[in-house]
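Q: Here is my input; please provide its structure:
(one chain, ligands or ions: 1)
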Amino acid sequence: MQAVESSPMNRPVKSIVVLTGAGISAESGIATFRASDGLWENHRIEDVATPEGFARNPQLVHHFYNQRRQQLLQDHIRPNAAHMALARLEHEFPGEVLLVTQNVDNLHERAGSRKMLHMHGELLKMRCQESNLVFDLREDIGFDSVCRCCQTIGNLRPHIVWFGEMPFHMPQITRALESCDLFMSIGTSGNVYPASGFYQIARSRHAHTVELNLEQTASSFEEHICGPASEIVPEFVERVLCSVQSP
Ligand code: NAD
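A: Numbers count the residues shown, from 1 in each chain. Here you go, the predicted model:
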């Protein structure tokens, strides 16, 4: 692997972890998650993003994610320049790049990112609660949908990590954070644990930590770059790639 001799922060960078949140998809037309008033698309978080909410009213929860999925599948919802820039980073950076997203949309994949982990699940997947098998999904599902694996009614749930549940891929994410030299956090409010603590893991191993967001969050990153993701992410990616020295 070729090392980056001179990084934007004057430290050699061989390994990058990027964390993205709802803000990177805002300019693509997908509403962010409004933690401040406790509502997500006019629904209480407790009702649509907890296992208890699903147990209380599965039809409401299915309906909510059916709506989010149908929105994502609309023609005008497309990856923006920030998603594209991260795909470029993965393909052109000579070292390791791991993209970890809290988003449940598929805009990173559509932009061309391949080495990525969906830590909070995916809207375009469903899961059998009996077998834990995961299936692709584009159509609506409901409480009365028949599961493809067990042929039973009522076993399917959205493949989404709800509050109180363990995010996916945590061992792999933690290992990457512990060995990265650069940690970029893009479009996330830092309100949702454990993603909110990633920058501290990276910092404790001496990685340079950068936040790219419309506004500075409370987290103490070493560098804050404020502005719309579609502008500041391509600029920052360019900066990182320009810092790669030719052999
Ligand atoms: P959040 O809504 O709590 O925070 C969004 C952050 O993005 C804010 O800090 C805001 O300042 C910033 N932001 C908004 N527009 C921006 C822009 N154009 N450019 C740069 N930054 C911008 O989101 P979160 O921290 O990701 O946590 C929300 C949770 O809700 C996640 O777990 C996620 O799974 C879920 N969610 C996902 C989607 C999606 O998949 N697109 C959408 C809504 C919610």
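Q: so what's residue 168 up against?
A: By Cβ atoms under 8 Å, 6 or more residues apart in numbering, residue 168 lies in contact with 117-121, 161. The way it works is simple: take the backbone N, C-alpha and C, and place the C-beta from them, glycine included.
Q: Out of the residues you listed, flag the one nearest to residue 76.
A: residue 118 (22.6 Å; Cβ to Cβ).
Q: close enough to count as contact, that closest one and residue 99?
A: No: taking contacts as Cβ atoms under 8 Å, residue 118 lies outside contact range of residue 99: 9.8 Å.
Q: Near the ligand, which residues of this protein? Just list them.
A: Residues of the chain lying near the ligand by Cβ under 6 Å from any ligand atom: 21-23, 25-27, 30, 32-33, 35, 102-105, 120, 187-189, 191-192, 213-215, 217, 228-229.
Q: Which of the residues you listed fall within helices?
A: The helices, defined by DSSP state H, take in 23, 25-26, 229 from the residues of the chain next to the ligand.
Q: Out of those residues, which is nearest to the ligand?
A: Taking Cβ to the nearest ligand atom as the measure, the ligand lies nearest residue 23 of those, at 2.2 Å.
Q: Not counting its neighbours along the chain, what's nearest the closest one?
A: Nearest non-adjacent residue to residue 23, counting by Cβ to Cβ, 6 or more residues apart in numbering: residue 187, 2.3 Å away.
Q: my guess is that neighbour meets residue 22, correct?
A: Yes: using Cβ under 8 Å, residue 187 is in contact with residue 22, at 6.4 Å.
Q: In contact with the residue nearest to residue 23, which residues are there?
A: 20-26, 32, 82, 212-214, 229.
Q: again, only this time at 10 Å
A: 19-27, 32, 82, 101-103, 211-214, 228-229, 232-233 (Cβ atoms under 10 Å, 6 or more residues apart in numbering).
Q: follow-up on the earlier one: check the ones in helices among the residues of the chain next to the ligand and tell me the two furthest apart.
A: Pairwise over those, using Cβ to Cβ, the maximum falls at 25 and 229, 8.6 Å.
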